[in-house]
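J.: give me coordinates for this.
(2 chains)
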Amino acid sequence: MATMTVNGKDYEVDEEGYLIDLSQWNREVGEELAKSEKVDMTESHWEVIDFLREYYDEYQIAPAVRVLTKAIGKKLGKEKGNSKYLYELFPYGPAKQACKIAGLPKPTGCI
Amino acid sequence: MSDTKKFLYVNRKAPYGTVYALESLEVVLIGAAFEQDVQLLFMDDGVFQIAKGQDTGEAEMKNFSPTYSALGDYEVTKMYVDKQSLEERGLTLDDLIHLTYEDEDDDYAEKDSIRLVSREEIAALMEEQDVILSF
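T.: From the prediction side, this is the model:
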């Protein structure tokens, strides 16, 4: 099992770098995961990450991109609820990259 | 979309103890993510999959029942429940999770996803499907 070290503490990750135990997640871990994806985190990025974690907490799944886009639009405003906005934040796929940074498993049905 | 097919997922087993219910749910989510016309039918012990108040603490399995509430977001809006199976187990609609969806064509009004159906209605329902998958 691969590990990732943040502030001297080891965290288990899978072969693609996804965090194994999502309860271990904190912002520092998120920052480190973001670095591995070459994403510079801003408040707009964290907004999506926080949303994903809340969604997972309620439904026990990471949403598919289409569902994420719609839900973001509803919660954070129409101008953010489109794939252009989300792909600007997470160029290699909002569901895949954002879920990884949020410490969630890879979404079901993720392409 | 011309290549949209009508899928009916038939769920007949209790949620835990075997992996059928969880596997079915995963396939449902994948099918729905690919924008197919996805419908679910719960019958026999499958009705327990959407029973309220599930607690898997002692069973060492993840309680995936909250995920059924996300299906509305995936535009899975038709969840059929066999009336007879429910009655045979001493259950009523009130014992099931309140599953809803927002109707885009009706100003996002919240509507119930669960529809109780008779065996005759199930036969007719199966008749109209392109694909039926039984779990």
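
J.: hmm, residue B:127 and residue B:8 touching each other?
T.: No - Residue B:8 lies out of contact with residue B:127 (CB atoms under 8 Å); the separation is 10.4 Å. The C-beta positions use only the backbone N, C-alpha and C, and glycine is treated the same way.

J.: of these two, who's got more company?
T.: Counted by other CB atoms under 10 Å in any protein chain shown, residue B:8 and residue B:127 do not tie: residue B:8 has more neighbours, with 21 against 7.

J.: got the contact list for stretch A:61-80?
T.: Stretch A:61-80 is contacted by residues A:47-48, A:51-52, A:55-56, A:81-83, A:85-86, A:93-95, A:98-99, A:102, A:104-110, B:29, B:32-33, B:35, B:67, B:70, B:73-74 when judged by CB atoms under 8 Å, 6 or more residues apart in numbering or on different chains.

J.: how about a cut-off of 6 Å?
T.: A:55-56, A:81, A:83, A:94-95, A:99, A:104, A:107, A:109, B:33, B:67, B:73-74 (CB atoms under 6 Å, 6 or more residues apart in numbering or on different chains).

J.: okay, which residue is most central for chain B?
T.: In chain B, the residue lying closest to the centroid (CA atoms, centre = their mean) is residue B:40, at 3.9 Å.

J.: the lowest-mean-pLDDT helix or strand in chain B packs against which elements?
T.: When each helix and strand of chain B is scored by mean pLDDT, DSSP states H and E, helix B:20-33 comes last, with a mean of 90. Counting contacts by 3 or more CB pairs under 6 Å, 6 or more residues apart in numbering or on different chains; DSSP states H and E, helix B:20-33 is packed against strand B:6-11, strand B:37-42.

J.: by how many degrees do the first one and helix B:20-33 diverge?
T.: Right, the one you point to is strand B:6-11. Interaxial angle, strand B:6-11 versus helix B:20-33 (axes from the mean of the first three to the mean of the last three CA atoms, to 10 degrees): 160 degrees.

J.: list the buried residues in strand B:6-11.
T.: B:7, B:8, B:9, B:10, B:11 (16 or more other CB atoms under 10 Å in any protein chain shown).
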